[in-house]
Structure formats: C-alpha cells, structure tokens
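Engineer: Here is the input, now give the coordinates:
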Amino acid sequence: MSFDALILGASGYGGGELLRWLIQHPQLHGLKGTAHSHAEKPFHAVHPNLRGLLEGAFDAEPDWGWLAGSEQPVLFSALPHGELAARLPEYERTWAKLGLSARLTVIDLSADFRWKEGWVYGLSEWKSERMSGARRIANPGCFATALQLALLPFSDLKPDFAAVTAITGSSGSGAHPSETTHHPARANDFRAYKPLSHQHEAEVMATLAAEGWTPELAFTPHSAPLVRGIFATAQLRLKTPLDEAALQARIGAALPGPFVRLVEGSPRVAAVAGSPFADIGFAAKGPWLSVMVALDNLGKGMATQGIQNLNLALGCSPMAGLRSAGAWPG
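Structural biologist: Reported below is the predicted structural model:
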C-alpha cells in the first residue's frame, strides 16, 4: 500500500531529515510540508541538499483535504516541543469532519506525547510488535534512544546503579541558535549541561520500570564540537559477571532488527552520522560493564526512527526507504 505524508514543521533540521529520507521510500506516493515562516519557498531554499531531488514548496498551513484523499494518510510532526499538543484539539476536530481520525497515522518527534495514554512509545527495537497498526506514535528523544539501547539488554539482571555519560552535536539543539547552542560558541569547546537533571531521564526510567527495573540513574550529557552525533557510555556493575559471548548474545536478543549493529570495541560516531543505524560496543572487566552507543541524533535519534516506526505501523519492509550507509570518512 502506498502512503501520502505531510510534515508539520518541515523547515527545521528534523523536518529536513524526514524530507531527505522519505523521498527514498518506495511506497511514498505524495509528500507535503508546512513551514509558516517559509511559506511558498521551494524546499531547497531551506534544505539545499534537496535541490534537484524534491520539487514543491512549503505550505503555510497543513492541507488536510489533500491528506484526507489519500489511501493511507501519514502525518509527521517535527514542531517544537509543546506546539502539537496545543494544536491537537483543533486538528482532531478537523480530522473528524474529514473522516481522517481513525485512518491517520501520526508520528510525533517532540516530547509532547511520550508515555501518554493513547500513544505508543516509539522505541523501535523495544517490543516492536507494539507498533503494528499503531495510529499514534510518540518518538523517543535522541539521548533517550541511546541510553535505552545501552541499558535495556540488562534490565532483567537489575543492576542497582547505572551511570551514563553522553555527548551530542550542535544539530540536536535545533535550527535556531541560542547563546549556549550556537555552533561557533561550541565548535572548540566541550562542557557538561543539565548534569543529573536532563529531561530525557524520565522517559528512560519509564521504559526501564516497564521492564521491572528501577535503578538509580545518574546521567550527565555533554555538548561536543560536532554537528551530528551522539556517543553514550553506560557503566554498570553486574551482580554476576558475563563473558563476551553471553554479552553479545544478550544484546543481539534484546535489540533485534537491522538498525542496531554490534561492533568490536568502541563504536564510532563518524560511522553512523547521516545514517539510520546505532552501533553498540562493550567492554567488561569482572562485574564492571561499559556499554557504548553511537548514533546520529537527527537519524536514529529522530527522523529515521520515525520512518522505522512508520514501516512497523504500516507493515512495510523494515528497511524501506532506509537502506543507506552514512558517509565515510565523516
């Protein structure tokens, strides 16, 4: 079945990534994107990488009538946090009038509906059957994706404590720079921010609690001189040491599918930047275990995970539209 997709907030980095990947999807029929401040500008005026690949222009407002005429309508929201939640009551009234409500697959990339009733939490590898036929999917945060991929394989062992340090690139702060996120201010700098108080901790703990594990979690994120990428290192003390073969088997069983790749030694951000993959490595010494995850914050941490969830929801091939390596060297 083909689908038509409309992207709210298509001018931001997340919206641009959705456009870039969706035009490669073999089952895409039609594609539109909104950006009020860029209305009527061609897509390539904001996303120059799409020149010659994607015709059309940004709309000021969503064309719900166009979407209602689709055999399979899909809505991606790449709006800033809080905006979809504020607009949703009005949108739902419109959808109901057009007969869209029950047919529309909505995938939200913001924090508005994570772990909210009526929405499926969209960590693709975690119990992926939950996504089958889902109509309302809340994508995880980028840091939350990395932390959960590192921790979930060991949830049944219930270590008492988990310490995670992670770095992220400047694109994770969005297209509108602030004093602390503007790339020239961080290009030759390295600092921690929101230590032990990052908002993604709550969704990580909710997922772990659903697995019956409620550890003490200490998470310190860092701002790194990168544009794309997240690198997270989780430190655990296991009650019973595991050998390398057991660790490999455990990670592979917990995180099935083609988008999580187990690597020897340390994963590398440059190997996943611009791609839909997350690479995982580990090191063990007695009861101590370090699990390392590298992913693209705009890819597996955002847009490509949204498309992965779309494939799961609609029953498409898992790699539909996503079979592409990142650039190497970075």
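Engineer: Could you list the buried residues of the top helix by length along the chain?
Structural biologist: Ranked by residue count, the top helix of the chain under DSSP state H comes out as helix 83-98. Residues of helix 83-98 classed as buried by neighbour count (16 or more other CB atoms under 10 Å): 84, 85, 88, 91, 95, 98. The way it works is simple: take the backbone N, C-alpha and C, and place the C-beta from them, glycine included.
Engineer: Pick out the most distant pair among these.
Structural biologist: 85 and 98 (20.9 Å; CB to CB).
Engineer: hmm, back to that, quick one: list the elements packing against whatever helix or strand comes next after the longest helix of the chain.
Structural biologist: Per DSSP states H and E, the first helix or strand lying C-terminal to helix 83-98 is strand 105-108. The elements that strand 105-108 packs onto, with contact taken as 3 or more CB pairs under 8 Å, 6 or more residues apart in numbering; DSSP states H and E, are strand 73-77, strand 136-138, helix 304-314.
Engineer: Tabulate the ones you listed (a markdown table), appending distance to residue 223 and mean neighbour count.
Structural biologist: Shown next, in a markdown table, are these (distance: least, CB to CB, whole Å; neighbours: other CB atoms under 10 Å):
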| stretch | distance to residue 223 | mean neighbour count |
| --- | --- | --- |
| strand 73-77 | 26 | 25 |
| strand 136-138 | 25 | 22 |
| helix 304-314 | 22 | 24 |
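Engineer: Present those as TSV; the columns should include distance to residue 255 and mean pLDDT.
Structural biologist: Below are those laid out as TSV (distance: least, CB to CB, whole Å; pLDDT from 0 to 100):
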stretch	distance to residue 255	mean pLDDT
strand 73-77	24	98
strand 136-138	19	98
helix 304-314	13	98
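Engineer: got the angle between the longest helix of the chain and strand 73-77?
Structural biologist: Per axes from the mean of the first three to the mean of the last three CA atoms, to 10 degrees, the angle that helix 83-98 makes with strand 73-77 is 160 degrees.
Engineer: ok, and what's touching helix 83-98?
Structural biologist: With contact meaning CB atoms under 8 Å, 6 or more residues apart in numbering, helix 83-98 is reached by 8-9, 62, 64-65, 68, 77, 79, 100-101, 104, 108, 110, 112-113.
Engineer: send the alpha carbons of it over as CSV?
Structural biologist: The C-alpha coordinates for helix 83-98 follow below in CSV (Å, rounded to 0.1, in the frame of the first residue of the first chain):
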residue,chain,number,x,y,z
GLU,A,83,3.2,23.0,19.7
LEU,A,84,1.4,19.9,18.5
ALA,A,85,-0.2,19.4,21.9
ALA,A,86,-1.5,22.9,21.8
ARG,A,87,-2.9,22.5,18.3
LEU,A,88,-4.2,18.9,18.5
PRO,A,89,-7.7,19.6,19.8
GLU,A,90,-8.4,21.9,16.7
TYR,A,91,-6.7,19.4,14.4
GLU,A,92,-8.8,16.5,15.8
ARG,A,93,-12.0,18.4,15.1
THR,A,94,-10.9,18.9,11.5
TRP,A,95,-9.8,15.3,11.1
ALA,A,96,-13.2,14.1,12.4
LYS,A,97,-15.1,16.2,9.8
LEU,A,98,-12.9,14.9,7.0
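Engineer: State the mean pLDDT of that helix.
Structural biologist: Average pLDDT, helix 83-98: 98.
Engineer: What of stretch 26-42?
Structural biologist: Stretch 26-42 shows an average pLDDT of 97 in the prediction.
Engineer: in it, what counts as buried?
Structural biologist: 28, 31, 32, 33, 34, 35, 38.
Engineer: Give me the contact list for it.
Structural biologist: Contacts of stretch 26-42 (CB under 8 Å, 6+ apart): 1-11, 15, 19, 22-23, 43, 45-46, 54-63, 66-67, 70-71, 314, 316, 320-321.
Engineer: Helices - which of those residues land there?
Structural biologist: 15, 19, 22, 43, 45, 46, 66, 67, 314.
Engineer: any idea what sits nearest the fifth one, other than its immediate chain neighbours?
Structural biologist: Counting by CB to CB, 6 or more residues apart in numbering, the nearest residue to residue 45 once its immediate chain neighbours are dropped is residue 38, at 7.1 Å.
Engineer: Fine, thanks again, bye for now.
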